Every structure is written in C-alpha cells, then in structure tokens.
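Peer 1: coordinates only, sequence not included:
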C-alpha cells in the first residue's frame, strides 16, 4: 500500500491494446509519524524529512497514538492521450479506524469510527491543474487493533472514456455469444460492427475518432437488440 518514494507522479503507462485505465496507482503515502512530531503536518510547507518512510503494506499500532501520513501528488497533462485538465479526482480509502483527510492544508472530511473496516469515496479535487503539486495528508486517531490504510484515486476523465469503451466491448462480447448459439447466419451483421471500430485511432489514442467509431459500432449493434431480449439475466449479490 505504501512505498519509499517521497513523490508520486502519475505517469501514462505503456500503451496496452485497449486503453481503459479507470483506477490510478495508489498514491503511496510515503511519510509517516506520530502526532506529537507532526504539528502542522497537513500544511504544504511542513518538513517531513525526519519522518519514517513507509514500505508496501505498512501498518502501525493505533494504541501507540495518533498517526499522520502525507504525500505530494502531481498529475501529467495527459494519460493515454486523454486530457486530465479540469478532471475531477475522487479518492477511495479503506481503513479499520477513523480517518481525517486533508488536501493542501484544508480538512475535507472526518470519519469517526472504531475497529470497523470501512471504505470511503470522496472528491478531493474538483478540477485538476496538470503539473501542479497537491498535498494529500491523512490523520488516523489513537485507538486499538491494527492500523493501516489503502487508498486509490479515480479520475473522471479516465472513467468517462473507460465507460464508453467497456460498454461497446461488453455488447460485442454478448453478440459473439449470440452468434455461437443461433443457427441463422449473422456473420455479415457482426462484421459491420467490427468494421465500424477504428483500430488505428485506438492505437494512436486519438479520442475524437475513437468516440466517433464507437457510436457507429453501437448503431450497427442495434440490429441485435431484438435477440438480446430473448435472454434472461440473473444477478447474484453479496455483502457484509
């Protein structure tokens, strides 16, 4: 969950076959200290050079006191050709005890609970300014049990593109199953869907053309709507 690096720069990964990054790497809150040594830790200019550099899967004892973790975040202008400028950023935190979340010295929210692993979704940045430094700080109150925190970031700009891609891909996968079950020849209709996809635009991450080709593919997929209604879909849920 945590590593030694002091600064995390969210870089574009090597180009995969289909660009669908929906969840960024954990921001790796790399500096950690007890509150008695952390007055003002939520502030941008706070000196954390003497703090412990946490490793992966870092944990601590809440009984030892209140702990802080802090991290600088820097977002590039683009990921997979998708502009991040103006994008909203949500954090997903999972912690077994209460937590207070700060951004650039301002408290965004505080969750009070004890010994109950919970997940929290929170918008931490309304509009990204690429290349700007953001300071994310977390405060964990004194308590019992094992301390720890998992945190991931989601960017609206990436989520929106991923949704467009995944929707069409799931529809195509369904149609492939239909082709396997139906005796009638639907291959030509399916080829219209495939031909509508601009694979070169996908390779080059040219999103205007990608979105245009996805709309054409969805139009071609509409031919299979009547057949989709012949199937029953069952959902199974599980919760704690």
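Peer 2: Noted; the coordinates are in hand. Model, not experiment: these values are computed from the prediction.
Peer 1: mind giving me the domain split of the chain?
Peer 2: Annotated domains of the chain cover 7-155, 159-228 [automatic domain parsing].
Peer 1: Now the weakest link among those domains, please, by mean pLDDT.
Peer 2: Least confident of these, judged by mean pLDDT, is domain 7-155 with a mean of 77.
Peer 1: re earlier: is it possible to get TSV of the domains of the chain that adds mean neighbour count and distance to residue 239?
Peer 2: For every residue, glycine as well, the C-beta is placed using N, CA and C. As requested, those are exported to TSV (neighbours: other CB atoms under 10 Å; distance: least, CB to CB, whole Å):
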stretch	mean neighbour count	distance to residue 239
domain 7-155	16	12
domain 159-228	14	23
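Peer 1: Helices of the protein, start to end?
Peer 2: Ranges of helices in the chain, per DSSP state H, are 156-181, 187-196, 199-204, 207-221, 225-228.
Peer 1: gap between the residue nearest to residue 88 when sequence neighbours are not counted and residue 90?
Peer 2: Using CB to CB, 6 or more residues apart in numbering and skipping residues adjacent in sequence, the residue nearest residue 88 is residue 156, 4.1 Å away. Residue 156 sits at a distance of 8 Å from residue 90 (criterion: CB to CB, to the nearest Å).
Peer 1: what's the answer for residue 47, then?
Peer 2: Here the distance between residue 47 and residue 90 works out to 29 Å (CB to CB).
Peer 1: Likewise for residue 134?
Peer 2: If you measure residue 134 against residue 90 using CB to CB, the figure is 14 Å.
Peer 1: What of residue 195?
Peer 2: Here the criterion is CB to CB. By it, residue 195 lies 37 Å from residue 90.
Peer 1: same thing with residue 137?
Peer 2: Distance of residue 137 to residue 90, given as CB to CB: 17 Å.
Peer 1: picking up where we left off before, can I get the helices of the chain in TSV with distance to residue 52?
Peer 2: Compiled in TSV, these are given as follows (distance: least, CB to CB, whole Å):
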stretch	distance to residue 52
helix 156-181	32
helix 187-196	54
helix 199-204	44
helix 207-221	42
helix 225-228	55
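Peer 1: out of those helices, nearest to residue 73?
Peer 2: helix 156-181 (15.0 Å; CB to CB).
Peer 1: Tell me how far the closest one lies from the chain's centre.
Peer 2: With CA atoms, centre = their mean, to the nearest Å as the basis, the distance from the averaged C-alpha position of helix 156-181 to the chain average is 19 Å.
Peer 1: quick one, it and helix 187-196 angle?
Peer 2: Compare the direction of helix 156-181 with that of helix 187-196 by axes from the mean of the first three to the mean of the last three CA atoms, to 10 degrees and you get 160 degrees.
Peer 1: Helix 156-181 packs against which elements?
Peer 2: Judged by 3 or more CB pairs under 8 Å, 6 or more residues apart in numbering; DSSP states H and E, the packing partners of helix 156-181 are strand 82-83, helix 187-196, helix 207-221, helix 225-228.
Peer 1: Show me what the first one is packed against.
Peer 2: Applying 3+ CB pairs under 8 Å, 6+ apart, one finds that strand 82-83 contacts helix 156-181.
Peer 1: what's the angle from the helix it packs on to helix 207-221?
Peer 2: The directions of helix 156-181 and helix 207-221 differ by 30 degrees, with the same axes, to 10 degrees as the criterion.
Peer 1: got the contact list for residue 228?
Peer 2: Applying CB atoms under 8 Å, 6 or more residues apart in numbering, we find residue 228 in contact with 174, 178.
Peer 1: can you tell me how far it sits from residue 212?
Peer 2: With distances defined as CB to CB, the gap from residue 228 to residue 212 amounts to 24 Å.
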